[in-house]
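Asks: Quick check, what structure comes out for this input:
(one chain, ligands or ions: 2)
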Amino acid sequence: MSQAEKIAQALLDIHAISLRPNQPFTWTSGLKSPIYCDNRLTISHPEVRQLLIDGFLATIKDKCPDIEVVAGTATAGIPHAAFIAQALDLPMIYVRDKAKGHGKQNAIEGEFEKGAKVLMVEDLISTGGSVIHAAHQVQEAGGEIVAALAIFNYLLPASREAFAKEDFPLYTLSDFKTLIPIAAKEDPEVEAAQDVLEQWYQDPQAWTASHSD
Ligand SMILES: O=P(O)(O)OC[C@H]1O[C@H](OP(=O)(O)OP(=O)(O)O)[C@H](O)[C@@H]1O
Ligand SMILES: O=C(O)c1cc(=O)[nH]c(=O)[nH]1
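Replies: Ligands and ions are numbered 1, 2, ... in the order given. Predicted coordinates:
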């Protein structure tokens, strides 16, 4: 099994993947979807956490060994950024989706030096909007984004187009195209939903329009 397959299998084993073709999920981008991947559950499973950390660290060693700061995207990216920062003995920051309305009104918590090489850590890429927004905030504060790293990528054209406009690469540990064949083999519900999933995947915007109230 490849690393991407092992991680897909682990997500299935902990029931992080939910299917609701008849009662679609609403994503943060507003898209409707018959599938939801809840990476937040991974933090409750030490063996899955370790699998992810091993994957993250191998990717960092291979692709961006010179990072100086690890940035978590609020909220689901934060624990993974913390695990990575701890393992590499690096400073960590996290980026809120919007600045606090009270206290110090920070959007970025923690600190880093201008020009620092920053790795963005996110749990999941749907449109890529959340991590790209967070990366822009770090850039505005003087950080140099070296790469973005996430657990799971839907591999949607929207995210491909969004990352094509950025000057940093995205690396992900597993993805929709790896997950679905594994899920379909072990779960008759996924097997039965394959047509819906394919229809959604071909055009999530059109699927959203036809599944909105
Ligand atoms: O690629 P995108 O279209 O931006 O979607 C992915 C984002 O959506 C989810 O966050 P959510 O907004 O649900 O918040 P949370 O992390 O606080 O749970 C997920 O954790 C990613 O951050
Ligand atoms: O786009 C999202 O909001 C989203 C999709 C998904 O599968 N999982 C998740 O946590 N968020």
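
Asks: so the residue positioned nearest the centre of the chain, which of the three states?
Replies: For the chain, residue 124 is the residue whose C-alpha lies nearest the centre (C-alpha atoms, centre = their mean; 1.8 Å). Classification of residue 124 using DSSP: H, G, I helix; E, B strand; the rest coil returns strand.

Asks: Tell me the secondary structure at the closest residue to it other than its chain neighbours.
Replies: With sequence-adjacent residues excluded and distances taken as C-beta to C-beta, 6 or more residues apart in numbering, residue 124 is closest to residue 152, at 4.9 Å. For every residue, glycine as well, the C-beta is placed using N, CA and C. With three-state DSSP as the basis, residue 152 sits in strand.

Asks: was I right about residue 152 contacting residue 170?
Replies: No. Between residue 152 and residue 170 there is no contact under C-beta atoms under 8 Å: 11.9 Å.

Asks: and for those two, which residues touch both?
Replies: residue 125 (C-beta atoms under 8 Å, 6 or more residues apart in numbering).

Asks: Settle it for me: which of the two has more neighbours?
Replies: Neighbour count, other C-beta atoms under 10 Å: between residue 152 and residue 170, residue 152 has more, with 26 against 20.

Asks: who are the neighbours in contact with that one?
Replies: So residue 152 contacts 7, 11, 37, 39, 123-125, 172-176, 179 (C-beta under 8 Å, 6+ apart).

Asks: can you rerun that using 10 Å?
Replies: Shown in contact with residue 152 (C-beta atoms under 10 Å, 6 or more residues apart in numbering): 4, 7-8, 11, 16-17, 37, 39, 42, 122-126, 172-176, 178-179.
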